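**Student:** Attaching a predicted model along with its sequence, questions to come.
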Amino acid sequence: MKSKLVKTDIIGWFKDKWAHSPMFSTLLALLVMILVQSVVMTNVAGSFGGMFGKMGMAWLNILRNNTYAGIIALGMCFIIISGGIDLSVGSMLCALGAMLMYLLDEMNGPLAAMGLVGAPAYAVAIVLIIIAGAIMGLINGVLISYGKLPPFIATLGTMKIFRSVTQQLTKTFNPAVPKGFKLIASAKIGGQVILPIIYWVLIVIAMHIIFKKTALGRQTIAIGSNERAAKLSGINVAKVKCKIYALTGVMVAFASIIYLARIGSMDFANAGSGYEMDAIAAVIVGGTAMSGGRGSLVGAFVGMLIMGVMNNILNSVGVPTFLCDAIKGAIIIFAVMLQKKDNV
Amino acid sequence: MEKIYKSFGANNVLTEVNFSLGAGEICALLGENGAGKSTLMNILGGVLPADSGKIVIDGEEKHFLNPVDSLDAGIGFIHQELNLINDLSIYENMFITHLPKKGAFLDAKFMQNKTAELFERMNIELDPCTMVRDLDASYKQIVEIGRALLQEASIIIMDEPTTSLTEPEIERVFAMMRTLKEQGVSIIFISHKLNEVMAICDRYTVLRDGNMVAEGLVKDTDPMKLAAHMVGHEVSNDVLKHEATIGDVVLELDKLSDGKNFQNISLSVRAGEILGVTGLLGDGRSELFQAVFGAAGSKYSGRILMDGKEIHPSNTHQALDNGIAYLPRNRKENAIIKDMSILDNGSIVMLSKLKKGLFIDFAKQEQLFGQQGEELRIKMGSQYDLITSLSGGNQQKVVLAKWLMSGPKLLILDNPTQGVDVGAKEEIYHIIHRLAAEGVAVIVLSSEAQEIIRICDRTLVLFHGKQVGELVGEEMTETSIMYLATGGNQNESES
């Protein structure tokens, strides 16, 4: 009798969570993915014991490979909750990367010319790049809130501009990234490159706190849920939007710094391209509503992991590379269909 | 003959409610917000399933699983928010659920003819090719009714059809309802406006807390009795007196114009005073005070003075700094943030000022909102519940709370009792008087003359954006207000 009661309670709790907490279904999806992954890994390793080592390596790769788009997704999540979108993040990463390479250039760079080298130069360059990222984001914000452009159009425009100007200016430009700078992301801890992962997790925590505990977080929800009501509640909607886009610019700057420190070079034609879509996918799979007003920063993180694990499983079972994207696309569609359940 | 019978238990939204409707009858369904009117009608309209009980139409028991079933049984549900597509013409809207085709293309001729025929039957003159966008609210309502008739509805449910209509428009809808009644169509009329019920309905049913508390013939009752049934006690219609020391001039407008919605408006309001501003739809009063509040940008000329100092509001956050609060009309579109909790909605105005370092001072937020919640007697479960869990009246109080928290010197209330039940209405009136007594200058915008007369010290009347008169104290009567609001003295001066 008693056990039956407990059972129904668990089912009830489950149903309740499933219906009301988007985070719950997102985490559940991740859990299912990890289970599938462990089965696959057991197969690959040939033994249950060998699975753990494979899983460990797989996870290091998943986390490392998705750091850049994952950090960008956090800013994207803010923007999507506010009812907007930013397509320019990929090109912005590339533009900021080029600027960073220029600043760090020990042969012809401006900092080197002023006699700054080594750690102080890196610090100055990082600060300048963060400011530059904020300004580029701010350009999007101003176009959207004061220029009254739809976010899709404004950022489609800046996406083209950022990339094309960067490519033009870097035609004959290919300085080396200083070895010392690369240590920022490539230094090994315990024999493994885990610094990018640490940065990512720290930024997730910081952004989660900003979303939950500051006025900016609440104002973002208010604008995404009902912009008119937000305006009539005395919220300076234009200013808040500018802040959100600038914040995303800062996220892109972080991603760009870690990217360059890890990879050590940048292909300006392709670097960051497609990151906007990866970030949007992570945000949506993480349970944030495309229509704005509802969402979770941690969800965007988990969403990125889900996409990463998926990729890993597909590669491990030998699905042809070209088909991987098709399956990922199906997952995004499936995730959004699941979200629909409570707003019909 | 139709007879509908239903009863249910469950979470006590409706308890054993019986409702019947005869052919060619207009029956009023009355009740405060949250009394269960919408639930009952949603069951009839197939939107919600009943837990138990049955629906019998023409002697036949029906089971509705979705709105289409209900429509097939001849029930047309006209929701408060109209379901028309503005960018299509009337005839296309009429046939939107089943567009007739001729080969691969739409059969426009057929649709136009059918619509014209229908309009003839409904006794109205309207070109089926008109775009819905170009219709006024009453004709939109009529098009919706027409669509229901086209689908051979014999029962039409109208959920508060008159809230956004002006007097002549209401008359037009009523005339339509009478025509339909003669043709044997039955209508369920949901409304808060008792004088309308008296004017148009044959019978009434009153719900309170999910129970049916009264029913009968309209001719055997009067608005006072109906109101008493709705709230469960007597309500007064008397002018509410308020004691307040009138202080200095808080707001002064000098020849304010925006070139479109309002022209040359000059007024002043003092601390402790309650000023009414009324008129019919299109009088520009909302646009005027949205400009004062800074919501209209800087598209206006003339001077706005707060405490004798000229201000140039062009953004709403400046209003906050100037001590101006504005409670907008149409709560759902303009005031409620449905994805946020009661607490967040109720403190959204002050959020950016409630800081402890970088973060929101949550303890202060709860304390300030709790205080307002108590003073305004907001009925809620937990303050962390979503705002949408509250009834209309309580939602309105939360919206009021967010502004009162900022301690305004001037409070502008635009249709403060819209979609609020009788009981909450009285409470809001008392809150307004209490605020005036505390020295706040209050401006009440309303199209209900009754409301203006009951709570305001004096009122301005606008007509098509022009100031046409000012009435003080006893001068305010429904007749005098209506005379000015319809441009009465304007016509005289022209002739």
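**Tutor:** Yep, that arrived.
**Student:** And stretch B:268-280, end to end?
**Tutor:** According to C-alpha to C-alpha, to the nearest Å, stretch B:268-280 extends 21 Å from its N-terminal end residue to its C-terminal end residue.
**Student:** Residue in the stretch 51-200 of chain B with the shortest distance to chain A?
**Tutor:** B:Asn66 (12.0 Å; C-beta to the nearest C-beta). Backbone N, C-alpha and C define where each C-beta goes, glycine included.
**Student:** what residues does the stretch 351-495 of chain B put near chain A?
**Tutor:** B:Leu351, B:Ser352, B:Leu354, B:Lys355, B:Leu358, B:Phe359, B:Ile360, B:Lys402, B:Ser406 (C-beta under 8 Å from any C-beta of the partner chain).
**Student:** Same list (the residues you listed) but as TSV, adding secondary structure, distance to B:Pro313 and pLDDT.
**Tutor:** Below are those laid out as TSV (DSSP: H, G, I helix; E, B strand; the rest coil; distance: C-beta to C-beta, whole Å; pLDDT from 0 to 100):
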residue	secondary structure	distance to B:Pro313	pLDDT
B:Leu351	coil	20	86
B:Ser352	coil	17	84
B:Leu354	coil	23	87
B:Lys355	strand	24	85
B:Leu358	coil	29	86
B:Phe359	strand	29	90
B:Ile360	strand	26	90
B:Lys402	helix	19	91
B:Ser406	coil	15	88
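**Student:** Can you tell me which of those are buried?
**Tutor:** Under a neighbour-count criterion of 16 or more other C-beta atoms under 10 Å in any protein chain shown, the subset of these counted as buried comprises B:Leu351, B:Ser352, B:Leu354, B:Ile360, B:Lys402, B:Ser406.
**Student:** How much space separates the closest residue to the first one other than its chain neighbours from A:Ala238?
**Tutor:** Distance criterion C-beta to C-beta, 6 or more residues apart in numbering or on different chains; nearest residue to B:Leu351, sequence neighbours excluded, is A:Ala215 at 4.4 Å. Taking C-beta to C-beta, to the nearest Å as the measure, A:Ala215 and A:Ala238 are separated by 16 Å.
**Student:** Neighbour count: those two, which is higher?
**Tutor:** Counting neighbours by other C-beta atoms under 10 Å in any protein chain shown for A:Ala215 and for A:Ala238 shows that A:Ala215 has the greater number, 20 against 17.
**Student:** I'd say the more buried one and B:Lys355 touch.
**Tutor:** Yes - between A:Ala215 and B:Lys355 there is a contact under C-beta atoms under 8 Å: 7.1 Å.
**Student:** Show me what from the stretch 151-300 of chain B comes close to chain A.
**Tutor:** B:Phe293, B:Ala295.
**Student:** residue boundaries of the strands in chain A?
**Tutor:** Residue ranges of strands cannot be listed for chain A, since DSSP state E assigns none.
**Student:** Pull up the residues of it that are close to chain B.
**Tutor:** For chain A, the contact set with chain B under C-beta under 8 Å from any C-beta comprises A:209, A:213-215, A:218-219, A:221-222, A:224-226, A:228-236, A:238, A:293-294.
**Student:** List only buried entries from these.
**Tutor:** With neighbours counted by 16+ other C-beta under 10 Å, those contain buried members at A:213-215, A:218-219, A:221-222, A:224-226, A:228-236, A:238, A:293-294.
**Student:** what's the helix or strand where B:Ile481 lies packed up against?
**Tutor:** In this assignment (DSSP states H and E), B:Ile481 forms part of helix B:478-485. When contacts are defined as 3 or more C-beta pairs under 8 Å, 6 or more residues apart in numbering or on different chains; DSSP states H and E, helix B:478-485 packs onto helix B:449-455, strand B:458-463, strand B:466-472.
**Student:** Just name the most buried of those.
**Tutor:** Relative to the other members of those, strand B:458-463 carries the highest mean neighbour count by mean count of other C-beta atoms under 10 Å in any protein chain shown, namely a mean of 24.
**Student:** what comes into contact with that strand?
**Tutor:** Residues from elsewhere that reach strand B:458-463 (C-beta atoms under 8 Å, 6 or more residues apart in numbering or on different chains): B:262, B:265, B:267, B:273, B:275-280, B:283-285, B:288, B:452, B:467-473, B:476, B:481, B:484-487, B:490.
**Student:** Can you check which strand is longest in chain B?
**Tutor:** Identified as the longest strand of chain B according to DSSP E is strand B:249-257.
**Student:** for that one, which positions count as buried?
**Tutor:** Of all the residues in strand B:249-257, those buried under the rule 16+ other C-beta under 10 Å are B:Val249, B:Val250, B:Leu251, B:Glu252, B:Leu253, B:Leu256, B:Ser257.
**Student:** Can you check the pLDDT for B:Gly103?
**Tutor:** In the prediction, the pLDDT value recorded for B:Gly103 is 78.
**Student:** Could you chop chain B up by domain?
**Tutor:** Following automatic domain parsing, one finds the domains of chain B at B:26-231, B:249-494.
**Student:** where does B:Glu61 land in three-state SS?
**Tutor:** strand (DSSP: H, G, I helix; E, B strand; the rest coil).
**Student:** give me the number of residues near it?
**Tutor:** 9.
**Student:** Surely B:Ala447 touches B:Asn415?
**Tutor:** If you look again at residue B:447, you'll see it is Ser, not Ala. Yes - shown here, B:Ser447 and B:Asn415 form a contact pair, counting by C-beta under 8 Å, at 7.4 Å.
**Student:** before we move on, the earlier item: burial-wise, tell me which of the domains of chain B comes out on top.
**Tutor:** With neighbours defined by mean count of other C-beta under 10 Å, none of the domains of chain B is more surrounded on average than domain B:249-494, at a mean of 19.
**Student:** how about stretch A:179-187: buried residues?
**Tutor:** Residues of stretch A:179-187 classed as buried: A:Phe181, A:Ile184, A:Ala185, A:Ser186 (neighbour count, 16+ other C-beta under 10 Å).
**Student:** now stretch A:105-122
**Tutor:** In stretch A:105-122, the ones that count as buried by 16+ other C-beta under 10 Å are A:Asp105, A:Glu106, A:Gly109, A:Leu111, A:Ala112, A:Leu116, A:Ala121, A:Tyr122.
**Student:** Looking at the residues you listed, which is nearest A:Val193?
**Tutor:** Ranked by distance to A:Val193 (C-beta to C-beta), the buried residues of stretch A:105-122 are led by A:Tyr122 at 18.1 Å.
**Student:** Skipping its backbone neighbours, what lies nearest that closest one in space?
**Tutor:** Closest residue to A:Tyr122 apart from its sequence neighbours, by C-beta to C-beta, 6+ apart: A:Phe181 at 5.2 Å.
**Student:** Just to check, the one you found is in contact with A:Ala261?
**Tutor:** Yes - at 5.8 Å, A:Phe181 counts as touching A:Ala261 under the criterion of C-beta under 8 Å.
**Student:** Between the two ends of stretch B:367-386, how far is it?
**Tutor:** Start and end residues of stretch B:367-386 are separated by 19 Å (C-alpha to C-alpha).
**Student:** likewise stretch A:266-286?
**Tutor:** End-to-end span of stretch A:266-286 (C-alpha to C-alpha): 29 Å.
**Student:** Quick check: buried residues in that stretch?
**Tutor:** Along stretch A:266-286, these residues count as buried under the neighbour rule (16+ other C-beta under 10 Å): A:266, A:268, A:271-272, A:275-276, A:278-286.
**Student:** Go through these and say which is closest to B:Lys102.
**Tutor:** Using C-beta to C-beta, A:Ile284 is the member of those that sits closest to B:Lys102, with 42.1 Å.
**Student:** The closest one: what's it in contact with?
**Tutor:** With contacts defined as C-beta under 8 Å, 6+ apart, A:Ile284 is in contact with A:Ile80, A:Met290, A:Gly303, A:Ile332, A:Ala335, A:Val336, A:Gln339.
**Student:** switch to 10 Å and redo it
**Tutor:** Applying C-beta atoms under 10 Å, 6 or more residues apart in numbering or on different chains, one finds that A:Ile284 lies in contact with A:73, A:76-77, A:80, A:290, A:295, A:299-300, A:303, A:332-333, A:335-336, A:339.
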